[in-house]
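>>> What follows is a protein structure lacking sequence information:
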């Protein structure tokens, strides 16, 4: 199946020349890609400087990070690593031999031994000694160090499974330096096919997150996406984990990068990604699971290569062989995972149409919880469309309403700028339901601006129409001060009402968010690219406010701010250093992991109902055969879902508001809240607290939707839920309830008192029943 998985690659000449076998070529290809992403993750010197700048000068840190990324791109290109492979095929054979002894199924290995083509398992000393002659430069040493790290990080792979469609590796994350990736994930999945490469990062044994397809319009964009694809995946997953504080699932994220020459195969790439992940999730005799080895010590030469970060390292001589970890053979013993991973996937705009296929494919693969594998399915498959029911919007509005309530603001007298227009599901819902005076909309199709307020009826018409981008906006509905500039507009320069001449329409639209004349009470982010506002441009974004490292926070500084209240409904539109700069200037910034958690709550409840119901019950209560007349349970469940989103968002807003009184930046408080809930939930999950029947029942009665309990019964729900999922739900609900009620600064005694009150409430409830 390896010929199908990787029919033609840059390493194929080594197969045709019989320099390497098919299995060795496939291994080298996977290790090559891993090495590109992780071979040069920075020296100790960089980490020390970065740690110091993170505390004192985040703007300079942003510049340092960009410089380091540029140096990394030029120091260890895919081409330079490929040259090392071609120069040292014997080293590849040595490393493949180590890989094969860890992951080749016993039956296959026994057959090779009978044929006399199976050598003994290499010891750590063997590997180090055998690689020594091939480490003639720092770049070669660093490359083989990365290959060895790849071997030692893998805990499971479908490499030897017949019928695979792509290569899949489950990696222990010890290869990720904590300075760059401070939140340690549970595992990283690395998937490679002929059309794509993909990463899936998860932070819990029970995890859910978005799957995104990333395509590129040209080679330059692809090169950028290639360098950044893992980092974006990791940071999205980390943000998701902080966001998932109210639900059973931990955070996860998957990014599928399609090769620039294979954009027409995006759907195939997604299908292979799902199929390959299922290979590692579904038990299989041909897949060996092992414990990860201890992280290998970086050799002096490899450290020097990482520090040098230049092609000149390749010309140096006398590199040292990478050091292998001790106990390689002992760690190759298959191990059982005490908590099997349960992974669930949700859509974004690039994968929304593929969710039905994924769950049906899991069914064909005999994956037991196939119906819960994906959320965002069509109603005919039991899905609950978030855009139709405004799930994310309910949490977003809870923060806008909370601000207006705390400051006694009249909604229709507040002005608002919105990123993401009628073509965005969140933007569309906010357009139709937000009562503020909307003065500007910025999205991919263009910019519409009217300081007197954009015509609400025209915007609502667009939001509800089939062709709902700004191209269809009726400019006759604008006042004399308003204008519409389309990003793909052609023709002569466009003159705006204030006399500004727009020559490059696309550039104008991309930069309009930075326009000093654009100012409103609220800025609501419903769409947009990650890190649009960052440490380098945040000072200009603030307009006239000087960003100082000290606490220069005058009472009248609000008058200079372009936006007083910023609600980040789309993920990571701001970098953290930008948020902190804005808050130090007087803005109130409510972070994405707090404001847009409505979507994840809805998705989690989709998973829950799919796990809790039998197939017969699900078909009766959740399958929508007539869109105009859904089942009564379906309608009631959606209504309860919306109310739960509102309630949880209001609880979080109140908690953050109280924390801000301690002079804690809201964006910091948001992170602390997510971390505290996650840490407490983990402690509860691994404790014996769930064995107390009174507390267990009391918490689960609160955690499980009332609609679901009424339909099939509390005991039936618990019988059907997988034990790992039920414990995760118990832990997350108890942890979030405690933190919302008692705040971030609480003692162990406060938690003991909280549990005592919960137990007493449960006892009273049982007595009354």
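Thanks, I have it. Computed from a predicted structure; not experimentally measured.
>>> was I right about residue 667 contacting residue 575?
No. If you go by CB atoms under 8 Å, residue 667 and residue 575 don't touch, sitting 10.2 Å apart. Placement of C-beta: from N, CA and C, glycine included.
>>> Tell me which of the two has more neighbours.
Applying other CB atoms under 10 Å to residue 667 and residue 575 shows that residue 667 carries more neighbours, namely 26 against 21.
>>> That one: what's its closest spatial neighbour, skipping adjacent residues?
Nearest non-adjacent residue to residue 667, counting by CB to CB, 6 or more residues apart in numbering: residue 579, 4.0 Å away.
>>> likewise residue 226?
Using CB to CB, 6+ apart, the closest residue to residue 226 is residue 257 (6.7 Å).
>>> Can you tell me the SS state at that neighbour?
strand (DSSP: H, G, I helix; E, B strand; the rest coil).
>>> Please give me every residue in contact with it.
196-198, 214, 225-226, 229 (CB atoms under 8 Å, 6 or more residues apart in numbering).
>>> My read is that residue 432 contacts residue 460, right?
Yes. Counting by CB under 8 Å, residue 460 is a contact partner of residue 432 at 5.3 Å.
>>> Find the least confident helix or strand in this structure, judged by mean pLDDT.
Ranking every helix and strand in the chain by mean pLDDT, DSSP states H and E puts helix 300-308 at the bottom, with a mean of 31.
>>> Downstream of it, the next helix or strand is which one?
strand 342-347 (DSSP states H and E).
>>> so which helix or strand takes in the residue nearest to residue 689 when sequence neighbours are not counted?
Leaving aside its chain neighbours, residue 689 sits nearest to residue 695 (6.3 Å; criterion: CB to CB, 6+ apart). Here residue 695, judged by DSSP H and E, is contained in helix 693-703.
>>> got it, and residue 510?
Applying DSSP H and E, one finds residue 510 within helix 505-511.
>>> Which element is encountered next along the chain beyond that helix?
Following helix 505-511 in sequence, per DSSP H and E, is strand 520-525.
>>> Packing partners of that next one?
helix 391-406, strand 415-419, strand 563-568 (3 or more CB pairs under 8 Å, 6 or more residues apart in numbering; DSSP states H and E).
>>> and these as JSON lines, adding mean neighbour count and mean pLDDT?
Supplementary listing: the helices and strands packed on strand 520-525 in JSON lines, determined by neighbours: other CB atoms under 10 Å; pLDDT from 0 to 100:
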{"stretch": "helix 391-406", "mean neighbour count": "23", "mean pLDDT": "96"}
{"stretch": "strand 415-419", "mean neighbour count": "24", "mean pLDDT": "98"}
{"stretch": "strand 563-568", "mean neighbour count": "25", "mean pLDDT": "97"}
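>>> Turn these into CSV, including distance to residue 272.
Output for those, formatted as CSV (distance: least, CB to CB, whole Å):
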stretch, distance to residue 272
helix 391-406, 29
strand 415-419, 34
strand 563-568, 34
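>>> gap between the closest residue to residue 143 other than its chain neighbours and residue 139?
Distances taken as CB to CB, 6+ apart put residue 84 closest to residue 143, at 4.6 Å, once the chain neighbours are dropped. Going from residue 84 to residue 139 by CB to CB, to the nearest Å gives 7 Å.
>>> the more surrounded of the two?
Of the pair residue 84 and residue 139, residue 139 is the one with more neighbours under other CB under 10 Å, namely 29 against 24.
>>> Are we agreed that the more buried one is in a helix?
Yes. Membership of residue 139 in a helix is supported by three-state DSSP.
>>> need the helices for the stretch 651-769 of the chain, in chain order.
For the stretch 651-769 of the chain, the helices defined by DSSP state H, counting those that start in this stretch cover 666-686, 693-703, 706-712, 714-720, 723-742, 748-768.
>>> what pLDDT, on average, does the second one get?
Okay, so that is helix 693-703. The average pLDDT for helix 693-703 rounds to 95.
>>> With stretch 542-549 instead?
pLDDT averaged over stretch 542-549 gives 52.
>>> just stretch 430-444 next, same as before
96.
>>> what about the stretch 501-650 of the chain, any weak spots by pLDDT?
543-559 (pLDDT under 70).
>>> Now with 80, please.
By pLDDT under 80, the weakly predicted segments of the stretch 501-650 of the chain are 543-560.
>>> all helices of it, in order?
Ranges of helices within the stretch 501-650 of the chain are 505-511, 538-541, 576-584, 592-595, 598-612, 615-621, 632-660, based on DSSP H, counting those that start in this stretch.
>>> Adding mean neighbour count and distance to residue 156, write those out as a markdown table.
Formatted as a markdown table, the helices of the stretch 501-650 of the chain follow (neighbours: other CB atoms under 10 Å; distance: least, CB to CB, whole Å):
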| stretch | mean neighbour count | distance to residue 156 |
| --- | --- | --- |
| helix 505-511 | 16 | 43 |
| helix 538-541 | 18 | 42 |
| helix 576-584 | 23 | 33 |
| helix 592-595 | 26 | 30 |
| helix 598-612 | 26 | 23 |
| helix 615-621 | 14 | 29 |
| helix 632-660 | 18 | 35 |
